[in-house]
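> model this:
(chains A and B)
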Amino acid sequence: MNTPSFGLDDFLPVLPAAILTAGAILLLVSEVFLGSATRTYQALLAVVTSVAAGALAFSNAFLPAHAVLQGYAVLDPFSSFTTVVVCLGTGLGALLGAGFLKHRNAERGEFYALLLFAAAGMSLLAMSAEFITLFVNLEVLSVSTYALTAYLRRGPRPSEAGFKYFILGAFAAALLLYGAALLYGATGTTHLSEMAAGLGAAAKAQPALVACGFFLVGAGFAFKVAAVPFHMWTPDVYEGAPTPVTAVMSAGVKAAAFVALVRVFLFLGPVFDPEVVFVIFSALAAATMVVGNLLAIPQRNVKRMLAYSSVAHAGYLLSGVAALFAPATVAPKSGVLSASATWGADSALRGEALKGLLFYLLAYTVTSLGSFGVVGALERREDETKGNAWDLDRFSGLAQRRPFQAAAMAVFLLSLGGIPPTVGFMAKLLVFRAAVDAGLVGLAVLGVLSSAAGVYYYLRVVVYMYMRPAVEGMQTPERQWTTEFALAASALAVVGLGLLPGSVSDWLSRAGLIFGQ
Amino acid sequence: MIATSNYLILAAVLFCMGMLGVLIRRNALVVFMCIELMLNAANLTFLAFARERGDATGHISAFFIIAVAAAEAAVGLAIVISVFRARGTVNIEEIQTMKH
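Okay, here's the model as predicted:
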């Protein structure tokens, strides 16, 4: 047995996750030793921790892509930028959580600690290059999120949402794990790069075993990113979870799961059969976009509408993933289980697709956190057990009652609908342009058409806010500076990145320098 | 010596039983047990392949999976208890307050 040796280089990439974990432990300890009445400092500590981790991850993104910790993890700009996005989401989520929990007298250190643990899991998940590492980190983030979903124990909703999320999340994890076990059996390794090397021969020897493993892994990921037909849990869980947690779930958890999915399939997809992978991702993308938008249209419950809209957005992202495996991106020499496909000279196309994906994740993070943040800011504790807490009527006349929140919500909704000059427009432009460049014109057209349908239900909320009189006796919780700050920051980011995407998209161009390709 | 394929078939049967149980059974605790069954089927598969290949990776994987499953069970059972406290039942069909 050779003794493993680790240098400082091995630990630099995981340092952001270590900072997040240390912050979480500090918060847990502070809950025991600093029992002061106001706990806003905990939210601020969580924000400081995520900013520190995010800044470090940002500097890591300019290092060359390489394997670390004996190949169990990789450091590349793709994973580092994901960590930046995750830290941004966590910081904003903590600020939104502060006001939300204060209104409910439920502000405790555990909440922020769980948020930071989940963020550490997301950061490491984005770097994992080995199936067991990937599974453990997926579970770190999932278990923290299950607990966060059921965090408010009053009332039946949060526990119900937590229960559903737990059952389906654990089910998805089990599918993924069994798939990984079958792939391990076929190739004798759990490292993605070694697996990719051995998979071609294994697919010839035991095609059924490899195919089963592949589809189980794919189904597990499809559950996690809420792709149709594995999206059933999304509306119930998103509606029942505390609103700041929903915001983090829709942004951070989805981003990390998408990045892990892209990494696994970039390694294994071309070796297995790029055609099959391409067809599956295109079908998933088309179904997810259309179904997500159609189901969102009849919703009067704004929180549930945003949940379906997040399904639709997963569809737009999946069309970017499909572009990675389009025949134009992968060299054409491929047949069923032929294992002869290679990444051709079209790495420029792939880089564009990866950049589009990351920009979309960034855009969706700020927009979704902002929109759920406004929904959470209008929620009153007394309405928790009633069904109409998020009805459209609660938004009527918001422009007179709360001009700032109404304006911010309008900006977020325009961005979700993909209307310029917001970041949502730029993100859709990048993803659909990557799809068109890869030859997926049909998918891009479908995406544009279904997002046009989306504009209807987003603008309906704007109409209620600006053109309907307020309902008599409608009360809203008092304003919290943390919430207002998070909303202002998100709105600024949505407009700013929409008007001047240049430098950010230049940074994200490095995402194409992904390890192992 | 029992052939590896026997272990693999047993694991596949356990996995399918667990999957069907999650989809069909209505008692939250039984569903919970079925998920554990699925994880253990994956464990058994890892071990069977590891034994056949004489490779330590599969054996080590099993330990990680057991540890993760325990953490998951802790949080999962806590959630089941909070569901039971909120409504006095663990029947999945009665846990449906949110409209579609």
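
> number of nearby residues for A:Gly439?
Counted with other C-beta atoms under 10 Å in any protein chain shown, the neighbours of A:Gly439 add up to 15. For glycine as for every other residue, the C-beta is placed from the backbone atoms N, C-alpha and C.

> next: the one 10 residues further on.
A total of 13 residues lie near A:Leu449 under the criterion other C-beta under 10 Å.

> how about it, what does it touch?
When contacts are counted by C-beta atoms under 8 Å, 6 or more residues apart in numbering or on different chains, A:Leu449 is found next to no other residue.

> that one: which element?
Using DSSP states H and E, the secondary-structure element containing A:Leu449 is helix A:441-467.

> do B:Asn43 as well
Using DSSP H and E, B:Asn43 falls in helix B:28-53.

> list the buried ones in the helix or strand following that helix?
Per DSSP H and E, helix B:28-53 leads on to helix B:56-87 as the next helix or strand towards the C-terminus. Within helix B:56-87, the residues that qualify as buried by neighbour count (16 or more other C-beta atoms under 10 Å in any protein chain shown) are B:57-58, B:61-62, B:64-65, B:68-69, B:72-73, B:75-76, B:78-80, B:82-83, B:86.

> got the angle for helix B:56-87 vs helix B:28-53?
An angle of 180 degrees separates the directions of helix B:56-87 and helix B:28-53 when computed by axes from the mean of the first three to the mean of the last three C-alpha atoms, to 10 degrees.

> which elements pack onto helix B:56-87?
Applying 3 or more C-beta pairs under 8 Å, 6 or more residues apart in numbering or on different chains; DSSP states H and E, we find helix B:56-87 packed against helix A:131-149, helix A:156-187, helix B:28-53.

> these: which one's closest to A:Ala255?
Smallest distance to A:Ala255 across those (C-beta to C-beta): 10.8 Å, for helix A:131-149.

> kindly reformat the helices and strands packed on helix B:56-87 as CSV containing mean neighbour count, mean pLDDT and distance to B:Leu8.
Rendered in CSV, the data for these read as follows (neighbours: other C-beta atoms under 10 Å in any protein chain shown; pLDDT from 0 to 100; distance: least, C-beta to C-beta, whole Å):
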stretch, mean neighbour count, mean pLDDT, distance to B:Leu8
helix A:131-149, 25, 95, 18
helix A:156-187, 26, 92, 8
helix B:28-53, 21, 94, 6
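
> ok, which of the ones you listed comes nearest A:Ala203?
With distances scored as C-beta to C-beta, the stretch of the helices and strands packed on helix B:56-87 nearest to A:Ala203 is helix A:156-187 (7.6 Å).

> from the chain's centre, how far out does the helix or strand following that closest one sit?
Under the assignment DSSP H and E, the closest C-terminal helix or strand after helix A:156-187 is helix A:192-205. Its chain's C-alpha centre lies 29 Å from the corresponding centre of helix A:192-205 when counted by C-alpha atoms, centre = their mean, to the nearest Å.

> pLDDT weak spots in chain A?
A:1-2, A:35-37, A:329-346, A:384-387, A:473, A:516-517 (pLDDT under 70).

> just the strands in it please.
A:66-68, A:73-75 (DSSP state E).

> residue nearest the centroid of chain B?
Taking C-alpha atoms, centre = their mean as the criterion, B:Glu36 is the residue nearest the geometric centre of chain B, at 2.1 Å.

> quick one, what contacts that one?
Applying C-beta under 8 Å, 6+ apart to B:Glu36 gives the contacts B:18, B:69, B:73.

> of these, closest to chain A?
Using C-beta to the nearest C-beta, B:Gly18 is the member of the contacts of B:Glu36 that sits closest to chain A, with 7.2 Å.

> give me the number of residues near that closest one?
Neighbours of B:Gly18 under the rule other C-beta under 10 Å: 24.

> touching, it and B:Leu44? I think so.
No: taking contacts as C-beta atoms under 8 Å, B:Gly18 lies outside contact range of B:Leu44: 11.6 Å.

> any idea how far A:Cys187 lies from A:Val277?
Just to correct that, residue A:187 is Thr rather than Cys. Relative to A:Val277, A:Thr187 is positioned 17 Å away (C-beta to C-beta, to the nearest Å).

> picking that back up, tilt between the helix holding B:Asn43 and helix A:156-187?
Computed by the same axes, to 10 degrees, the angle separating helix B:28-53 from helix A:156-187 equals 20 degrees.

> helix B:28-53 vs helix A:131-149, what angle?
Counting by the same axes, to 10 degrees, helix B:28-53 points 170 degrees away from the direction of helix A:131-149.

> and helix B:28-53, how far out from the chain's middle?
For helix B:28-53, the gap between its own C-alpha mean and the chain's C-alpha mean amounts to 6 Å (C-alpha atoms, centre = their mean).

> tell me where the model's unsure across chain B.
Counting by pLDDT under 70, chain B shows low-confidence ranges at B:97-100.

> cutoff 90 now
Where chain B drops to pLDDT under 90, the residues are B:1-4, B:25-26, B:55-57, B:82-100.

> burial measure for A:Ala488, as a count.
13.

> quick check: buried residues in stretch A:405-412?
A:405-412.

> show residues contacting that stretch.
Here stretch A:405-412 has contacts from A:367-368, A:370-371, A:374, A:377-378, A:395, A:398-399, A:422, A:461-462, A:465-466, A:487-488, A:490-491, A:494-495, using C-beta under 8 Å, 6+ apart.

> go again using 7 Å as the cut-off
Surrounding stretch A:405-412, the residues in contact under the criterion C-beta atoms under 7 Å, 6 or more residues apart in numbering or on different chains are A:367, A:370-371, A:374, A:377, A:398-399, A:422, A:462, A:465-466, A:487, A:491, A:494-495.

> ok, now stretch A:354-367?
Counting contacts by C-beta under 7 Å, 6+ apart, the residues outside stretch A:354-367 that touch it are A:78, A:81, A:85, A:88-89, A:251, A:255, A:258, A:262, A:313, A:316-317, A:320, A:412, A:415-416, A:423-424, A:426-427, A:430-431, A:434, A:490, A:493-494, A:497, A:505, A:508-509, A:511-512, A:514.

> for the closest residue in space to A:Pro158 that isn't next to it in sequence, grab phi and psi.
Taking C-beta to C-beta, 6 or more residues apart in numbering or on different chains as the measure, A:Pro158 lies nearest to A:Leu152, with 4.6 Å between them; neighbours along the chain are not counted. For A:Leu152, the backbone dihedrals are phi -80, psi 110 (criterion: degrees, to the nearest 10).

> tally of neighbours for A:Leu152?
Per other C-beta under 10 Å, the neighbour tally for A:Leu152 reads 24.

> same check on A:Ala67?
As a burial measure, A:Ala67 scores 18 neighbours (other C-beta under 10 Å).

> mind listing what it touches?
Taking C-beta under 7 Å, 6+ apart as the definition, contacts of A:Ala67 comprise A:74, A:129, A:515.

> tell me the contacts of residue 32?
By default, I'm working from chain A. The neighbourhood of A:Val32, defined by C-beta under 7 Å, 6+ apart, contains no residues.

> wait, chain B was what I had in mind.
Contacts of B:Phe32 were listed using C-beta under 7 Å, 6+ apart, and they are B:76, B:80.

> hmm, try it at 8 Å
Counting by C-beta under 8 Å, 6+ apart, B:Phe32 makes contact with A:167, B:73, B:76-77, B:80.

> A:Ala180 too?
Remark: with contacts taken as C-beta under 8 Å, 6+ apart, A:Ala180 is in contact with A:131-132, A:134-135, A:190, A:213, A:217, B:42.

> repeat for A:Ala46
With contact taken as C-beta under 8 Å, 6+ apart, A:Ala46 is in contact with A:23, A:27, A:90-91, A:94, A:112, A:115-116.
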